[in-house]
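Q: Sequence isn't available, so here's the structure alone:
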C-alpha cells in the first residue's frame, strides 16, 4: 500500500507540473495577444 501511495503522489506532482506549464504558456499567450491589442487601441 505504501508503494501505491508513493506512486499516487508522484503522479499528482507530475500532473501539477504539467498544469503549471500549461498555465505559464496560457499566461504568456494572453500577454502576447493582449499587449498588441491595448497598444493598437491606444494608437487608434
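A: Yep, that arrived. Note that this is a predicted model, so its numbers are computed, not measured. Numbering: from 1, shown residues only.

Q: any low-confidence regions in this structure?
A: 1-6, 8, 10-12 (pLDDT under 70).

Q: Break down it into its helices, ranges please.
A: 2-43 (DSSP state H).

Q: Show me the residue at the heart of it, geometrically.
A: Central residue of the chain (CA atoms, centre = their mean): residue 23, 1.3 Å from the mean position.

Q: Residue 24: how many residues sit nearby?
A: 10 (other CB atoms under 10 Å). (Each C-beta comes from the backbone N, C-alpha and C, glycine too.)

Q: begin at 23 from here
A: Got it, first residue is 23 now, which makes that one residue 46.

Q: That one and residue 56: what is the separation?
A: Taking CB to CB, to the nearest Å as the measure, residue 46 falls 15 Å from residue 56.

Q: same check, this time on residue 48
A: Relative to residue 56, and taking CB to CB, residue 48 is found at 12 Å.

Q: Then residue 38?
A: Residue 38 is 26 Å from residue 56, by CB to CB.

Q: cool, residue 50 as well?
A: Taken as CB to CB, the span from residue 50 to residue 56 is 11 Å.

Q: same question, residue 36
A: For residue 36, the distance to residue 56 - CB to CB - is 30 Å.

Q: And for residue 62?
A: To residue 56, residue 62 is 11 Å away according to CB to CB.

Q: Also residue 49?
A: 10 Å.

Q: Kindly report the same for residue 43.
A: 20 Å.

Q: Give me the neighbour count for residue 63.
A: Residue 63 has 8 nearby residues by other CB under 10 Å.

Q: Equivalent analysis for residue 36, please.
A: 10.

Q: distance of it from residue 50?
A: Counting by CB to CB, the gap from residue 36 to residue 50 is 21 Å.

Q: Equivalent analysis for residue 62, please.
A: Taking CB to CB, one finds residue 62 at 19 Å from residue 50.

Q: How about residue 63?
A: Distance from residue 63 to residue 50, by CB to CB: 21 Å.
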